[in-house]
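# How does the following fold in three dimensions:
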Amino acid sequence: DVQLQASGGGLVQAGGSLRLSCAASGFAFDEYAIAWFRRAPGKEREGISCISSVDGTTYYRDSVKGRFTISSDNAKNTMSLQMNSLKPEDTAVYYCNAMYGVERYWGQGTLVTVSS
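Numbers count the residues shown, from 1 in each chain. A predicted model of the protein is given here:
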């Protein structure tokens, strides 16, 4: 079975840090582009960061540049999102995602709450 199991969410004060992780199984993880999305309360889901499967280039949404770092470990089939200098507007459910052509797999979502 294909699985993306997310973990690491929680409650943190503004300015704090959290590290989200996602463990993949059931598919060729190293062939997939990976990404993190989030959905804030009352807002549409948005992509915040991804790693190209072609050359490993990373991309970040402007609002998280310089604060968030995406990474992956193909040997362990895991992906992570290090989030520093968190702001209340980062409060959202965060989803990991793996993409290959038209195939997309989603993690179950993990809640991040940043208090002011």
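# and the most centrally placed residue in the chain, what are its bridge partners?
In the chain, the centroid-proximal residue (Cα atoms, centre = their mean) is residue 36; its distance is 2.9 Å. Taking DSSP bridges as the rule, residue 36 bridges to residue 49, residue 96.
# residues contacting it?
20, 47-50, 70, 79, 81, 94-97 (Cβ atoms under 8 Å, 6 or more residues apart in numbering). Yep, even glycine has a C-beta here, placed from its N, CA and C like the rest.
# can I get those residues in JSON lines with pLDDT?
Output for those, formatted as JSON lines (pLDDT from 0 to 100):
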{"residue": "20", "pLDDT": "98"}
{"residue": "47", "pLDDT": "97"}
{"residue": "48", "pLDDT": "97"}
{"residue": "49", "pLDDT": "98"}
{"residue": "50", "pLDDT": "97"}
{"residue": "70", "pLDDT": "97"}
{"residue": "79", "pLDDT": "96"}
{"residue": "81", "pLDDT": "98"}
{"residue": "94", "pLDDT": "98"}
{"residue": "95", "pLDDT": "97"}
{"residue": "96", "pLDDT": "97"}
{"residue": "97", "pLDDT": "96"}
